[in-house]
Structures are given as structure tokens and as C-alpha cells.
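Visitor: turn this into a structure:
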Amino acid sequence: MNKNKLIFAIIWVIVLIVIIFLSFNLKNWNNSNTKVSSTWNFTIWMIWNNPANSQKIVENFKKINPSYSNSIIQVETFASWQDYTYALTSAILADKSPDLFMLNNNEDISVFDNQVLWINPKIINPNDFRKKYKWVFADDLIKIHDDGSQKIEYVKWIPIWYESLWIFYNRRFLKSSDIDTISSLNNTISQIKDKRPNIVPLWIWNWSTLPFVSDIITQFFMLEDGVKWLWDVSWNKLKQWFSSYLLYWDVKWYNWYDSKFVELNNMWQNSIDLFSKWDTFMVVGYPRLIEEIEKKWFPKNFLWASPFPHYVSGSWKTLVNYDYFVVNKDTKQLNLANDFLLYLSSDIWVENYLDNFTYYLPALLSMESDKLDSKIHEKFHITLKDFYSENYELSSFDKWIKDLYDKNIISILDNSSNYENSFSKFRKSILCKSSKISTLENLSSNCD
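Guide: Below you'll find the model as predicted:
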């Protein structure tokens, strides 16, 4: 073989080796790419929900949608709205935000609204939504997108459940007619004061020992006709509310009440501990309070519940609270997000969800007749129907900034000697901060 042929043969061998090397690596790259695309990470953040039950719902979604059987869907749950807000803010800044997350109905313009991808009407039709859900959800969640040339109506996201405040009471000493209106509640409290001076009928002072305190006070605000957001709480309405609130107090209790308050704080306890020891006969809260009551060994035959009363049956508004899922506009898995969205709006999923969270009322109208007779806890005889009243108008309340509202209103309520001035500063401050967040204007102004 001459020199030229030898060089030519060597070149071909080198070329052949390169082709084999590239082919081998391209095959591995394709296999690796296929694997990644079928097992991507998809993250959902929830608030309040039990982690184990939340994961069951994801597994059920995979069964119904086998194309996602290899997808990694991770669920994170938070027990504190404040922790959730801070973590979500940090995640968005770090470009690690979840694909789906939750917002609350009592914050009309959320600090996270700009992160939300609104739902295409072809996926969820607003008119169909109105027919399927209780009207309060249509009022809250159907929005209008104006691009300058046309206005498009869309659903912001899908609600699954809602809750309203109840009064849990000891049926050994009370009956439902004793608390069916504010008037009857006040009469009942007066009678208990006379007959049992060492009992606080309804534990509603010292707010730091009261679960759901910010929503309880909000419900009192809404007993005044027309109140749907913080600005509606005028001076006259605030005075009327505080006068009503003072009716639940008796100066004769002061020493006893104060000693109990100190005891609760020292032992890291709250009003549920008093209720379970029969030191108080009534507590206000959401149905999910049943889990804490059960842990305190309250006798099942003596526990009952009733909707939070109004001044006159059928008048004024009942606060409704719910969280709803939204799609992150930065999600890399929009198809999965949309499929999960459709799953969230299906009867089969809602039924599965409510079977795992038995203390929530169904948002879907089709579920009401089936679920209202369901027990909220297997150990008690209380059903969802005990907390449901068609006479009451469900309504959201715009807190402007939920985290600040829930945290700061407690100090105002415990400062009864100067509540007007404190409330004035509180309302002005939160309005100022809300305006900054929603419009990014007057950023240098001092809101405090």
C-alpha cells in the first residue's frame, strides 16, 4: 500500500470512529431527554390541608390521567398563611415558584396577582361556571380582561370548597334556639351570667387565645348592613360594633377571666382548652376546628354546632372563606397545569377532595345535596347541614392585605380604651400599603 492510500485509509478510520462516537452519544442524549420529558417535576403549594390527604388527591389524578403516571408531582402544605406568603415571595424571587399555588378570597387584589395566568374561556367557560357554582364564586372569580380592542370575560381560577363561621356549643346546657339570632344569643349569655357566675358563656376576649380571631371580628363587622370591605367600616358602624361586642363582657368576671387568660398563655393553650374543660359553653370557629376539639377529648354526645347568628334571620351577610388554585404564569408545564385544572373542576375530583376534607362545604352546586348530610368527623354526630343556612347571604370581605390585616387587628381589639384611634391608624396604613403594591405608586410615602 503506497503512502497516499495509507493516509486515506487512516482518515476514513478516524471519520468512522467519530461517526460511531457521535451516534452513540446522540442515542444516549435522546434517551436522557425522553426520560426527563416524561418525569419532570411539577409543584403544587397548598395552605391548611393535611399533607397525606393532599398527596392522595395527586395520586388519584394520575390514575385518571395515566399519561402523567411517571410525572413527579410534589405537594407542599403550609399551616400558617404568613409562612406561606413569605415562602411564596421568596420562591418567586429565586425563580423556584410552584406551578400551582393558592390565593384567598378575602384579598381581592393579591400581591401575587401579577404571577397568575388567567384561564382561557375555551377551557373553563364563565357562563358554565355560573351554572355549576354557588353565585358567590362567580361574583369573586369571574373577571374581565380588557386588551384595548375587546373585553374578554374569564374565570380567575377554580374553587373547591368554602367555609363559614359556626358556634360550637355544649348541648348539655344549651339548645339551638338559644343562639339562632344575636338577640337570643345575648339573652342566653345574660341568663348564664346570672345562673353560673363562674362561667364565661362565650370566650371572645383576649384575642390572642382565640383561633380564627381576624375572621371572627370580620364577621362582626359584616353584621352591619352593607359592609364588604375594610373601607365600609365607618365610625358609626365601628361604634355600633364595639357596643355590641362589649355586651359579651361583664366586669364581675375580670379577675377570673384575667387569671384564666394568664393560665392559657403560660400553658400554650387557647379557648378550645377552656371549652373542653367546660369553663366556657361556646366557641366560635370554622368547621375544621373539630379536629382540635377532638384532640381535647370533648364528649361526643354533648358537642353541637349552629351557624353564626345574625341580628334577624335572613338579614346581613355571612363571611365566606375559601382558598382557590391558580396557575403560575411561569410554569413550564402548561398542559399538565390545564389538565389538572380540568380535573379540579370535575365532580369526581371534588367528591374525592371532600371525602378527604370532610369539614369543608362544597363549592359545586351538584355536591350540596349529597354532602350536607355527611359528618364532619367520624367521632361526632355533627353534619355539614348543621352549619348551613340558605337564609344567609354568603359574601367575601376584602382585607386589602390579608397577612397584615390578620396580624395587626388583634392588637386593636385588645386595646379597648383607644380602639377608635388605633383602628383609624390601622385602616389608613393598610390602605396605603395596598395602594403601593397594586399600583407601584407613591413608593416613598410613609404608610405608618
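
Visitor: quickly find the element holding Lys260.
Guide: Element membership for Lys260, per DSSP states H and E: helix 254-266.

Visitor: report the mean confidence score over that helix.
Guide: For helix 254-266, mean pLDDT is 70.

Visitor: in three-state terms, label the nearest residue to Pro121 once chain neighbours are set aside for me.
Guide: Distances taken as C-beta to C-beta, 6 or more residues apart in numbering put Tyr154 closest to Pro121, at 5.4 Å, once the chain neighbours are dropped. C-beta: built from backbone N, CA, C; applies to glycine. When classified by DSSP: H, G, I helix; E, B strand; the rest coil, Tyr154 comes out as strand.

Visitor: so Tyr154 is in contact with Leu141, correct?
Guide: No. Counting by C-beta atoms under 8 Å, Leu141 is not a contact partner of Tyr154; they are 9.4 Å apart.

Visitor: and the residue positioned nearest the centre of the chain, how far is that from Met102?
Guide: In the chain, the residue lying closest to the centroid (C-alpha atoms, centre = their mean) is Asp323, at 3.6 Å. Asp323 is 4 Å from Met102, where distance means C-beta to C-beta, to the nearest Å.

Visitor: what sits in contact with each of these two?
Guide: 46-47 (C-beta atoms under 8 Å, 6 or more residues apart in numbering).

Visitor: look up how far Ser435 lies from Tyr392.
Guide: Distance of Tyr392 to Ser435, computed by C-beta to C-beta: 32 Å.

Visitor: now Val227
Guide: Val227 is 21 Å from Ser435, by C-beta to C-beta.

Visitor: more neighbours, those two?
Guide: More neighbours surround Val227 than the other of Val227 and Ser435, with 21 against 16 (other C-beta atoms under 10 Å).

Visitor: mind checking the SS state of that one?
Guide: coil.

Visitor: let me see the contact set for it.
Guide: Shown in contact with Val227 (C-beta under 8 Å, 6+ apart): 221, 233, 237, 317, 397.

Visitor: contact partners for the first one?
Guide: It stands for Phe221. Neighbours of Phe221 in contact, by C-beta under 8 Å, 6+ apart: 227, 232-233, 237, 241, 397.

Visitor: buried set for stretch 363-371?
Guide: For stretch 363-371, the neighbour count (16 or more other C-beta atoms under 10 Å) marks 363-364, 367-368, 371 as buried.

Visitor: confidence score at Lys175?
Guide: So Lys175 comes in at 91 (pLDDT).

Visitor: number of nearby residues for it?
Guide: Lys175: 12 surrounding residues under other C-beta under 10 Å.

Visitor: before we move on, the earlier item: and which of the contacts of Phe221 is nearest Glu294?
Guide: Closest to Glu294 out of those is Phe397 (28.8 Å), distances taken as C-beta to C-beta.

Visitor: neighbour count winner among Tyr154 and Leu141?
Guide: Applying other C-beta under 10 Å to Tyr154 and Leu141 shows that Leu141 carries more neighbours, namely 24 against 19.

Visitor: report the contact partners of that one.
Guide: If you count contacts by C-beta under 8 Å, 6+ apart, then Leu141 has 129, 155-157, 159, 324 around it.

Visitor: farthest-apart pair in those residues, please.
Guide: Greatest spatial distance among the contacts of Leu141 (C-beta to C-beta): Phe129 and Tyr324, at 12.0 Å.

Visitor: mind giving me the packing neighbours of the helix or strand that comes right after the helix holding Lys260?
Guide: From helix 254-266 onward toward the C-terminus, using DSSP H and E, the following helix or strand is helix 271-276. Contact partners of helix 271-276 among helices and strands, from 3 or more C-beta pairs under 8 Å, 6 or more residues apart in numbering; DSSP states H and E: helix 254-266, strand 280-285, helix 290-295.

Visitor: for the last one, C-alpha coordinates in CSV please.
Guide: Right, helix 290-295. What follows is helix 290-295, C-alpha atoms only, in CSV (Å, rounded to 0.1, in the frame of the first residue of the first chain):
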residue,chain,number,x,y,z
ILE,A,290,-63.4,19.9,65.0
GLU,A,291,-60.0,18.3,64.7
GLU,A,292,-58.6,20.4,67.6
ILE,A,293,-61.8,19.8,69.7
GLU,A,294,-61.4,16.1,69.2
LYS,A,295,-57.8,16.1,70.4
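
Visitor: residues in contact with that helix?
Guide: Defining contact as C-beta under 8 Å, 6+ apart, one finds that helix 290-295 is touched by 168, 211, 272, 275-276, 303, 359, 376-377, 379-380, 382.

Visitor: try it again with 10 Å
Guide: With C-beta atoms under 10 Å, 6 or more residues apart in numbering as the test, helix 290-295 has contacts from 50, 166, 168, 211, 270, 272-273, 275-276, 283, 285, 298, 300, 303, 305, 358-359, 375-380, 382.

Visitor: put the buried members of these into a ChimeraX selection.
Guide: If you want just the buried ones from these in ChimeraX, going by 16+ other C-beta under 10 Å, the selection is:
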select :166,168,211,270,272,273,275,276,283,285,298,303,305,358,359,376,377,380,382
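
Visitor: among the contacts of helix 290-295, which are in strands?
Guide: Members of these lying in strands (criterion: DSSP state E): 166, 168, 283, 285, 303, 305.

Visitor: hmm, the second one is touching Pro307, no?
Guide: If I follow you right, that is Phe168. No. The criterion here is C-beta atoms under 10 Å, and Phe168 misses it with Pro307 at 11.5 Å.

Visitor: anything in contact with each of those two?
Guide: Both Phe168 and Pro307 are contacted by 386-387, under the criterion C-beta under 10 Å, 6+ apart.

Visitor: re earlier: which of the contacts of Leu141 has the weakest pLDDT?
Guide: Among those, Trp157 has the lowest pLDDT, at 81.

Visitor: ok, it - how many residues close by?
Guide: By the measure other C-beta under 10 Å, the count of residues near Trp157 is 22.

Visitor: looks like it contacts Val327 (just checking).
Guide: Yes. Using C-beta under 10 Å, Trp157 makes contact with Val327 at a distance of 7.4 Å.
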